[in-house]
Each structure stands twice: as structure tokens, then as C-alpha cells.
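Undergrad: Pasting the sequence and the predicted coordinates here, then a few questions.
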Amino acid sequence: MRVQEVAPGLWRWTGLHPDWKPADAGREGWEQEVGCVYYEAPDAVVLVDPLAPPEDEERFWEALDRDVERADKPVRVLLTVSWHGRSAEAVAKRYGAATDGTLPNGVEVHTAAAGEETAYWLPAHGALVFGDVVLGADDGVRLCPESWLGGTLDQLKDELRPLLDLPVERLLVSHGEPVLESGRSALERALDV
């Protein structure tokens, strides 16, 4: 498990995905380590695609218990894609978290991949949170393989281009490393703008 403070009230952690198998190694961008986001919104603690890392589960729950208690706000679980349920049910049960997709203040939605993926915009931090359509890359980010989509990469690019109208500073991705500065430029390069 790796934990990184992105900004005050915004954290990213990674864990080893329990369903990953060695045969998945490098399979079109799916590595064993996946990213998740903790955001203290004005009226809720928001967990995006939460995973209790199986390699360090006890330490994870202890830290999250402390943070939720300190924040003293209700917990909301948001998923970028339905198959990123990961530990959502365990989080919901532990904290009485809402999982109905209701957005707290400070979180906006943008859909992509023919409506299969939700990218979350956190304006207070200039951060976009992606599940599978945007992946970390050596030089910033790249788009997912076309085989992951129900459509084409050109369609995905068209769906993502409106995000360039936002003052994007950070790109928080589930697969690969995040972009913590100049996120708009990195997204432009991925979209070939």
C-alpha cells in the first residue's frame, strides 16, 4: 500500500488488486497495483473506487477510521465504473456510507466511454478522477486500449475533449501514476489536441 497526500483533504492510495493474476501482467495497462481517492468534500468524506489493500488491510482500516472520525462527516462511496466496486460494500457497511451515486457538494460528474465510465471533477483541487479510460503513462497519461471500450478511441476522445474546458491541474488515475501538475497539458497530449 502506498499513500500520497495530493493536497490538504485530498489523498490517493494504492493497493494490490485481489483479483489480479500473473497472466494479467502488462495486459494492455492493467497492473496489480490500483489507485483509489479520498476527498474531504464540504459535506462528506468521499471515497472513489475504494480498495482495502489486502497486503496491509489492518493498517488501512485503522488510518481510515481515524480520518473519518476526525472529519466528522458522512461517508460517500463513488465508483468510476461498476466493476470498480472493490471494497465499496465493506466501506458502506463499516461507515454507513451512501453508495447510491448521490454527489456531495464539491464533486461534479462527466461521463465517457458511451456512458460506462464516470470521471469525477473536484474543482477545489483542479482534479479529475478517472477509472479506466485514462491511464498513467511515463510521460503523463494515455487513453486505455480500444479493446476496453464499447466504442472507438475517436469516440472516447470526443467525449473527453470537453474536460479541457476545465482548469485541470491534476489527473488521478486508477491504473498507473497520477499527474499532479500540468494535468490539462497531459490530457491534451493524450487526446492529440
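TA: Cool, got the structure.

Undergrad: Packing partners of the longest strand anywhere in the chain?
TA: In the chain, with assignment by DSSP state E, the single longest strand is strand 33-41. Judged by 3 or more C-beta pairs under 8 Å, 6 or more residues apart in numbering; DSSP states H and E, the packing partners of strand 33-41 are strand 10-16, strand 44-48, helix 57-71. All C-beta spots, glycine's among them, are computed from the backbone N, C-alpha and C.

Undergrad: quick one, the last one and strand 10-16 angle?
TA: Following axes from the mean of the first three to the mean of the last three C-alpha atoms, to 10 degrees, one obtains 160 degrees for the angle between helix 57-71 and strand 10-16.

Undergrad: Let me know the average pLDDT across helix 57-71.
TA: Helix 57-71 shows a mean pLDDT of 96.

Undergrad: Paired strands for the helix or strand bottoming out on mean pLDDT in the chain, with orientation please.
TA: Every helix and strand in the chain was compared by mean pLDDT, DSSP states H and E; the lowest is strand 108-112, with a mean of 89. Paired neighbours of strand 108-112 in the sheet (DSSP bridges): strand 117-122 (antiparallel).

Undergrad: Tell me the gap between the partner strand and the middle of its chain.
TA: Relative to its chain's centre, strand 117-122 lies at 8 Å (C-alpha atoms, centre = their mean, to the nearest Å).

Undergrad: change the start of the numbering to 46 and stick with it
TA: Okay, using 46 as the starting number, the last item reads as strand 162-167.

Undergrad: Now the element after that strand, going C-ward?
TA: strand 172-174 (DSSP states H and E).

Undergrad: Packing partners of the helix or strand following that next one?
TA: Per DSSP H and E, the first helix or strand lying C-terminal to strand 172-174 is strand 179-182. In terms of contacts (3+ C-beta pairs under 8 Å, 6+ apart), strand 179-182 is packed against strand 185-188, helix 228-235.

Undergrad: Compare these and give me the one nearest residue 165.
TA: Between residue 165 and the helices and strands packed on strand 179-182, the tightest spacing by C-beta to C-beta is seen for helix 228-235, at 13.6 Å.

Undergrad: Any idea how far that closest one is from the middle of the chain?
TA: With C-alpha atoms, centre = their mean as the basis, the mean position of helix 228-235 lies at 17 Å from the chain mean.
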